[in-house]
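Visitor: here is the input, now give the coordinates:
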Amino acid sequence: MNTSINLAVDCMGSETSLNEILEGINESALRHENLFFTLFGKSVDINNIIKNISPLNLRSEVINCDEQILMTDKPTDAIRVKKNSSMQLSIDHVSSGKSHAVLSCGNTGALMAISLIKLRTIASIKRPSIASIWPNIKGESIVLDLGANIKNDTISLIDNAILGSALAKVLFDMAEPTIGLLNIGIEEMKGNENVQNASEILTEMSNKKQLNYFGFVEGADISNGRTNVVVTDGFTGNIALKTAEGTAFMVQSYFRKAFKSSILSKLGYFFASLSLRTVRERLDPRVHNCGIFMGLTAPVVKCHGKSDRLGISYASDIAYSLVQKEVNKKVENILINEI
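Guide: Numbering: from 1, shown residues only. Just a heads-up that it's a prediction; the model follows:
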């Protein structure tokens, strides 16, 4: 897709400052000359900031919103009561075809619920899942679900495997991405009933060449890159995500303290700074902090509620890439024609 791409940005309801959101998407705009934005929030506040930010001030439209969905709001209340919120209106903009994708740092449950109602699911998918692209020692893998559905049921695990495989085919340009089912061990008898049942179904699908199922994987296999796709339920996936984020921050903290401990260590940092910068960027959770809502008719990208401009800029890049590569359309075609 070489034509202009427009993102609907929910600028309210998160713990991130408005300035960080706008500076973040501006950094993304600098990387993509055909990227435009429709900004939903308090127009006075938004205009006061973007008037001094280029090229955002030339590539954005502002739509005023007086309502915002808070992090503490229940999804049902957000849907029924706050119909003119920045989140609802940004999703409406996509469902009406005026924008191509949604970007939000707001309430995850509300964003999922509203997206499900207004954008609807594709093919046979019952409920969307949240996927993310994780770094590993071999490159990158797709991990899902990261919190959309906290129930551990067989059907959701199968849907996640199908969506993850299709996403890997499109994003990684793979013919048969490998799928691993996250478990407490790789032995066949390990895992609860739902995981066991899902494994049996995935094995049957793999035998029919519908998927490329590897088998059970453990937590360490995510970073080892044992499979291209790692499938789990939303409860386990969300814990894994936040554990990984905390571990990454801890490692970065160790590096900083180690290289400040003495003159020699500072000298060592000077000579190794380029390599260390590469490692730091690779491990930076902000680069991987967004979730892709998979299984919907249009892209929805969710940033962490405390994202800074770097994290938001990368999330905007991902939303742009999803639209440019027509990921949702291609995933739907794979589900219809290959599964």
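Visitor: isn't residue 109 right up against residue 75?
Guide: Yes: A contact is recorded between residue 109 and residue 75 when judged using C-beta atoms under 8 Å, the distance being 4.4 Å. Using the backbone N, CA and C atoms, a C-beta is placed for each residue, glycine as well.
Visitor: ok, now which ones touch residue 330?
Guide: 166, 169-170 (C-beta atoms under 8 Å, 6 or more residues apart in numbering).
Visitor: let's see which of those residues end up in helices.
Guide: 166, 169-170 (DSSP state H).
Visitor: by neighbours, which of the residues you listed wins?
Guide: Neighbours here are counted as other C-beta atoms under 10 Å. On that basis the top member of those is residue 166, with 27 neighbours.
Visitor: so for that one, what's the pLDDT?
Guide: Model confidence at residue 166, expressed as pLDDT, equals 92.
Visitor: measure it to residue 194 for me?
Guide: Distance check for residue 166 against residue 194: by C-beta to C-beta, to the nearest Å, it reads 22 Å.
Visitor: same check on residue 158?
Guide: 10 Å.
Visitor: and the two? Which one has more around it.
Guide: The residue with more neighbours, out of residue 158 and residue 194 and counting by other C-beta under 10 Å, is residue 158; that gives 21 against 16.
Visitor: contacting residues around the more buried one?
Guide: 198, 201-202.
Visitor: quick check, pLDDT for the nearest residue to residue 114 once chain neighbours are set aside.
Guide: Leaving aside its sequence neighbours, residue 114 sits nearest to residue 91 (C-beta to C-beta, 6 or more residues apart in numbering; 5.3 Å). According to the per-residue confidence, residue 91 scores 97 in pLDDT.
Visitor: what count of nearby residues applies to residue 91?
Guide: For residue 91, the count of nearby residues is 25 (other C-beta under 10 Å).
Visitor: ok, residue 94 next?
Guide: The burial count assigned to residue 94 is 24, neighbours taken as other C-beta under 10 Å.
Visitor: does it touch residue 102 like I think?
Guide: Yes: with contacts counted by C-beta under 8 Å, residue 94 reaches residue 102, the gap being 5.3 Å.
Visitor: between these two, which contacts overlap?
Guide: 8, 298, 300.
Visitor: would you turn those into JSON lines with distance to residue 234 and neighbour count?
Guide: What follows is the shared contacts of residue 94 and residue 102, written out as JSON lines (distance: C-beta to C-beta, whole Å; neighbours: other C-beta atoms under 10 Å):
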{"residue": "8", "distance to residue 234": "25", "neighbour count": "29"}
{"residue": "298", "distance to residue 234": "21", "neighbour count": "23"}
{"residue": "300", "distance to residue 234": "16", "neighbour count": "30"}
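Visitor: tally of neighbours for residue 222?
Guide: 21.
Visitor: three-state assignment of it?
Guide: Of the three states, residue 222 takes helix according to DSSP: H, G, I helix; E, B strand; the rest coil.
Visitor: what comes into contact with the helix or strand harbouring residue 197?
Guide: Assessed by DSSP states H and E, residue 197 sits inside helix 193-207. By C-beta under 8 Å, 6+ apart, the residues outside helix 193-207 that reach it are 152-154, 157-158, 161, 179, 181, 183, 188, 191, 211-213, 215-216, 231, 233, 339.
Visitor: which of those count as buried?
Guide: The neighbour-count criterion (16 or more other C-beta atoms under 10 Å) marks 152, 154, 157-158, 161, 179, 181, 183, 191, 211-213, 215-216, 231, 233 among the contacts of helix 193-207 as buried.
Visitor: hang on, residue 145 packs against residue 160?
Guide: Yes: using C-beta under 8 Å as the test, residue 145 is close enough to residue 160 to be in contact (5.3 Å).
Visitor: show me where this structure has its helices.
Guide: Taking DSSP H as the criterion, the chain contains helices spanning 18-31, 43-50, 75-80, 86-95, 108-119, 154-171, 193-207, 220-224, 234-258, 263-283, 309-324, 327-338.
Visitor: pretty sure residue 322 is touching residue 300, no?
Guide: No: here residue 322 does not reach residue 300: they are 9.2 Å apart, not a contact under C-beta under 8 Å.
Visitor: now for these two: what residues contact both?
Guide: Counting by C-beta under 8 Å, 6+ apart, the shared contacts of residue 322 and residue 300 are 101, 292.
Visitor: any regions of the stretch 1-150 of the chain where pLDDT drops low?
Guide: Across the stretch 1-150 of the chain, residues meeting the criterion (pLDDT under 70) sit at 1-2.
Visitor: how many neighbours does residue 42 have?
Guide: A count of neighbours around residue 42, defined by other C-beta under 10 Å, yields 17.
Visitor: circling back: looking at the helices of the chain, which is closest to residue 127?
Guide: Between residue 127 and the helices of the chain, the shortest gap by C-beta to C-beta is with helix 154-171, which sits at 6.4 Å.
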